[in-house]
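> sequence first, then the predicted structure, then my questions.
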Amino acid sequence: QAVIRDEQGDLEAATELSEQSLAIRVEVFGEMHPENAQVYQNIAAIYGMRDRQDDAIHFYYKALKIRRKELGDDHPHTIGCFARLLKLKLDKAAAFNKKGLALMKAGGDYTDALELFREASDIYFEMGREDYPDAASVLENVAAVYISVDMLEDAVGASADALKIYRRKLGEDHEV
């Protein structure tokens with residue numbers, strides 16, 4: 001029924017039915033049963049469609065934990081689950097970066113902007129994307145905040161880290 005509700009566009013009902021199904025499965029088979037991984041992923045996908053990214057991320061992590069245990073890191077189902085989780089997390093990092101930039105442009109609180117940039121940076125590191133060009137962009141934004149609050153040594157450090165990432169990923173001769 002959850003699938004039918006999903007296809008009908010009733011995402012709230014689909015979520016409720018999927019979570020009820022999961023509760024029964026967990027009670028009967030236990031939380032780490034291999035078949036629960038797909039249910040966790042289905043719930044995560046529904047939450048993603050409902051713009052509830054934190055809930056989606058939570059359920060993708062649960063699915064990934066089971067998939068890694070049961071199938072290993074190289075199995076297509078594990079890789080697919082990780083890819084969906086990675087996309088959500090990277091989208092979240094980009095959103096934090098965008099909010100931080102908006103705060104800076106509006107002349108907002110630099111402390112708040114710096115916290116958003118750190119959140120974005122933490123996500124890149126957590127997901128193994130610390131050498132990702134977008135991670136370098138976040139570091140450049142951190143440097144801009146440091147310059148704005150006259151923390152020049154910290155600004156130089158963040159800029160240097162960003163430049164290292166760009167050079168490793170884009171090459172020494174690339175115009176950064």
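Thanks, I have it. Predicted model only: the values in this text are computed from it and were never measured. Numbering: from 1, shown residues only.
> looking at it, residue 61 is touching residue 88, isn't it?
No: applying Cβ atoms under 8 Å, one finds residue 61 not in contact with residue 88, separated by 10.2 Å. No exception for glycine: its C-beta is placed from N, CA and C like everyone else's.
> between these two, which is the more surrounded one?
Ranked by neighbour count (other Cβ atoms under 10 Å), residue 61 and residue 88 place residue 88 first, with 20 against 14.
> host element of the more buried one?
For residue 88, the host element (DSSP states H and E) is helix 76-105.
> what about that helix, average pLDDT?
When pLDDT is averaged over helix 76-105, the result is 88.
> cool, stretch 111-128 as well?
Rounded mean pLDDT across stretch 111-128 is 87.
> pull the CA atoms of it into PDB?
C-alpha atoms of stretch 111-128 as PDB (Å, rounded to 0.1, in the frame of the first residue of the first chain):
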ATOM      1  CA  THR A 111      29.900  34.200  13.400                       C
ATOM      2  CA  ASP A 112      26.700  32.600  12.000                       C
ATOM      3  CA  ALA A 113      28.200  32.600   8.500                       C
ATOM      4  CA  LEU A 114      31.400  31.000   9.700                       C
ATOM      5  CA  GLU A 115      29.300  28.300  11.500                       C
ATOM      6  CA  LEU A 116      27.500  27.500   8.300                       C
ATOM      7  CA  PHE A 117      30.700  27.200   6.300                       C
ATOM      8  CA  ARG A 118      32.100  24.900   9.000                       C
ATOM      9  CA  GLU A 119      29.000  22.800   8.800                       C
ATOM     10  CA  ALA A 120      29.600  22.500   5.000                       C
ATOM     11  CA  SER A 121      33.200  21.700   5.500                       C
ATOM     12  CA  ASP A 122      32.500  19.100   8.100                       C
ATOM     13  CA  ILE A 123      30.200  17.300   5.600                       C
ATOM     14  CA  TYR A 124      32.800  17.200   2.900                       C
ATOM     15  CA  PHE A 125      35.300  15.700   5.300                       C
ATOM     16  CA  GLU A 126      32.800  13.300   6.800                       C
ATOM     17  CA  MET A 127      31.900  12.000   3.300                       C
ATOM     18  CA  GLY A 128      35.500  11.700   2.200                       C
END
